[in-house]
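Novice: predicted model follows, preceded by the sequence.
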Amino acid sequence: MKTVISALSLLFTVSALAQNSSIVGQIRTEILAPATVSEKEILNFGVIINESGGGMVRISPRNECVTSGELVQSEGMYSAGKFELKGFEGNLISVVLPQNSLSLKRDSGGEKVTVDNFTATVSENDQNRNGRGQAEISIGGTLHIGNWSESPAGIYTGTYEVVFLNN
């Protein structure tokens, strides 16, 4: 009888160990609207008088203007580019600017001037969108104008691409 009880006890122990255990896990996600960007002000080098030999105009992201060469800049007619980024809160913003020179083409001809050395400023308060889910980014660059035969009078226009990354 002792052997039968021991065998039954062993059988129940083996049975209990052979049972499977399970648990139900949870799954969660949050879906956010994509970030949107709007251009609030164009990068505008303004009205420039080329006295003949050309030169360079630099607009900083802080809207400061410096000219060199034989160029005269009209006061207050220039502006840094400004973009407003709206999206989800708490992420840092990275700005990717053009790395190569870009051409602006004269509206009434084929002549071109170039823009390079793009720079950006994201205000420190807006680095993480300041808890508001938005930030303002300012863009500057350097315009290169040739002499009269290379860069005759006219309106020159073009575009540039800025990529905003949510980190």
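Specialist: Alright, I've got the coordinates.
Novice: would you check that I145 makes contact with I49?
Specialist: No - the pair I145 / I49 is not scored as a contact, 10.4 Å apart, by C-beta atoms under 8 Å. Just so you know, the C-beta spots here come from the backbone N, C-alpha and C atoms, and that holds for glycine as well.
Novice: the two: which has the busier surroundings?
Specialist: I145 (23 against 11; other C-beta atoms under 10 Å).
Novice: and the gap between the more buried one and I93?
Specialist: Distance of I145 to I93, computed by C-beta to C-beta, to the nearest Å: 32 Å.
Novice: how about G25?
Specialist: Counting by C-beta to C-beta, the separation of G25 from I93 is 34 Å.
Novice: now do the shared contacts for I145 and I49.
Specialist: L71 (C-beta atoms under 8 Å, 6 or more residues apart in numbering).
Novice: where do the strands of this protein begin and end?
Specialist: Taking DSSP state E as the test, the strands found in the chain are 36-41, 48-59, 65-73, 81-86, 93-96, 102-106, 112-122, 134-145, 156-157, 163-166.
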